[in-house]
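Undergrad: Everything below, folded, please.
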Amino acid sequence: MVSSEEVVRKDLKMIHGHPMIHTFVFNWERIEQFQCRPDDIVITTYPKSGTTWLSEIVDMVLNDGDAEKCKRDVITAKAPMLEMADHGIRISGVEQLKKNPSPRLVKTHLPIDLLPKSFWKNNSKMIYMARNAKDVAVSYYHFHLMDRLLPLPGTWEEFLEKFMAGNVAYGSWFNHVKSWWKKTEEHPILFLHYEDMKENPKQEIKKIATFLEKKLSNDIVDKIIHHTSFETMKNNPMVNFTHMPSTVMDHSKSTFMRKGIAGDWKNYFTVAQNEKFDDLYEKQMSGSSLQFRTEL
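TA: Numbering: from 1, shown residues only. Got it, this is the predicted structure:
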């Protein structure tokens with residue numbers, strides 16, 4: 001067991017060419033050797049792209065919209081983060097997953113080449129949700145303020161430079177979304193967009209149900225929409241991360257669920273920052289068919 005002081009606000013460490021949260025890198029073999037089960041469902045995103053929202057939606061779909069069943073445990077136990085390390089503050093993702101009954105939800109932010117090989121061998125179903133880069137950058141900045149496992153972000157301007165250069169945990173947003181998008185050509189991955197989910201949750205939830213071979217009535221889909229709305233989830237202690245100790249997540253700095261909208265970046269980006277970001281975006285995304293909306 002380690003004390004919280006030994007893991008908070010540490011610099012990132014490189015693992016196979018990717019910057020990673022310091023404490024997660026310890027005993028990386030546990031990730032590489034992880035054995036998935038054939039019916040595991042992988043929920044994968046770049047950080048701050050609606051991961052918790054998607055996890056709760058998938059849990060509701062699997063449980064036929066039964067909100068009481070979905071309150072059986074906190075989201076970090078229902079959909080454990082694979083790479084979460086056992087740092088004396090909470091159980092490791094691998095250990096929690098070993099305890100969970102099938103079909104397991106496996107949450108991860110890992111880039112494609114860090115995901116355990118067993119997932120590819122077993123042809124596991126995966127759901128990837130992508131969010132526009134500008135809103136991700138703003139949300140990730142605020143998350144750094146409150147999540148003490150991450151390094152301090154510095155000013156917004158300083159953090160944005162790091163984000164654009166890929167010098168943040170999990171690396172470049174551009175590489176992450178492009179590689180997962182490319183992988184859909186050869187693996188059963190349902191690729192969703194955060195903005196589509198905000199605009200038309202019914203349509204997107206039906207896509208998830210079809211992908212998971214679940215038949216849900218319109219009434220059940222409506223229940224899922226209500227239960228997983230931003231306001232409902234923000235006030236739900238099972239999913240809003242208030243169960244985490246303040247030594248790890250300091251909700252006085254920023255709430256885990258802050259705004260949950262598309263277009264908040266306009267409140268942060270200066271004209272010069274926006275122009276610089278757009279130039280980088282055009283270079284990084286040229287040649288990719290992947291399209292994003294930055295507002296609704």
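Undergrad: Return the distance of Glu295 relative to Met285.
TA: 17 Å (Cβ to Cβ, to the nearest Å). Glycine gets a C-beta too; all of them are placed from N, C-alpha and C.
Undergrad: Look at these two and report which has more neighbours.
TA: Neighbour count, other Cβ atoms under 10 Å: between Glu295 and Met285, Met285 has more, with 16 against 13.
Undergrad: Pull the contacting residues for the nearest residue to Asp73 once chain neighbours are set aside.
TA: Nearest-residue entry for Asp73: Met238, 7.3 Å, with adjacent residues in sequence omitted and distances by Cβ to Cβ, 6 or more residues apart in numbering. Contact analysis of Met238 by Cβ atoms under 8 Å, 6 or more residues apart in numbering lists Cys70, Lys71, Asp73, Val74, Ile75.
Undergrad: which of those residues has the most neighbours?
TA: Using other Cβ under 10 Å as the neighbour criterion, Ile75 leads the contacts of Met238 with 23 neighbours.
Undergrad: which non-adjacent residue is nearest it?
TA: Nearest to Ile75 is Val239, by Cβ to Cβ, 6+ apart, at 4.5 Å.
Undergrad: Does anything pack onto the one helix or strand Val177 maps to? Which helices or strands?
TA: In the assignment (DSSP states H and E), Val177 maps to helix 173-183. The contact analysis (3 or more Cβ pairs under 8 Å, 6 or more residues apart in numbering; DSSP states H and E) places helix 173-183 against strand 125-130, helix 133-146, strand 189-193, helix 271-285.
Undergrad: ok, now with 6 Å
TA: The contact analysis (3 or more Cβ pairs under 6 Å, 6 or more residues apart in numbering; DSSP states H and E) places helix 173-183 against no helix or strand.
Undergrad: Now tell me which helix or strand of this structure has the poorest mean pLDDT.
TA: Counting by mean pLDDT, DSSP states H and E, the chain has its least confident helix or strand at helix 230-234, which shows a mean of 87.
Undergrad: hmm, back to that, report the buried residues of the helix holding Val177.
TA: For helix 173-183, a neighbour-count test (16 or more other Cβ atoms under 10 Å) marks Trp173, Phe174, Asn175, His176, Val177, Lys178, Trp180, Trp181, Lys183 as buried.
Undergrad: Which residue ranges of the stretch 1-150 of the chain form strands?
TA: Remark: strands assigned in the stretch 1-150 of the chain by DSSP state E, counting those that start in this stretch are 13-15, 18-20, 41-45, 105-108, 125-130.
Undergrad: Once you drop chain neighbours, what's closest to Ser172?
TA: Gly166 is the one closest to Ser172 (Cβ to Cβ, 6+ apart), at 3.2 Å.
Undergrad: if I look at the one you found, how far off is Phe256?
TA: Gly166 is 24 Å from Phe256, where distance means Cβ to Cβ.
Undergrad: Can you tell me the number of residues neighbouring the residue nearest to Ser172?
TA: When neighbours are defined as other Cβ under 10 Å, Gly166 has 16 of them.
Undergrad: what's it sitting at in phi/psi?
TA: Main-chain dihedrals, Gly166, degrees, to the nearest 10: phi 80, psi 20.
Undergrad: Please apply the same query to His109.
TA: According to degrees, to the nearest 10, His109 has phi -110, psi 10.
Undergrad: that older thread, which of the contacts of Met238 lies closest to Lys48?
TA: Using Cβ to Cβ, Ile75 comes nearest to Lys48 of the contacts of Met238, at 15.3 Å.
Undergrad: just to revisit the earlier point, unless I'm mixing things up, the residue nearest to Ser172 is touching Trp173, no?
TA: No - contact criterion Cβ atoms under 6 Å: Gly166 and Trp173 do not qualify, at 7.6 Å.
Undergrad: can you tell me the distance between the two ends of stretch 80-99?
TA: For stretch 80-99, the first-to-last residue distance is 11 Å (Cα to Cα, to the nearest Å).
Undergrad: separation between the closest residue to Asn132 other than its chain neighbours and Pro47?
TA: Distances taken as Cβ to Cβ, 6+ apart place Phe292 nearest to Asn132, at 4.3 Å, with adjacent residues excluded. Phe292 sits 16 Å away from Pro47, going by Cβ to Cβ.
Undergrad: Do me a favour and average the pLDDT over the helix holding Val177.
TA: In this model, helix 173-183 has a mean pLDDT of 98.
Undergrad: Let me see the contact set for Ser55.
TA: Ile43, Ile75, Ala79, Lys107 (Cβ atoms under 6 Å, 6 or more residues apart in numbering).
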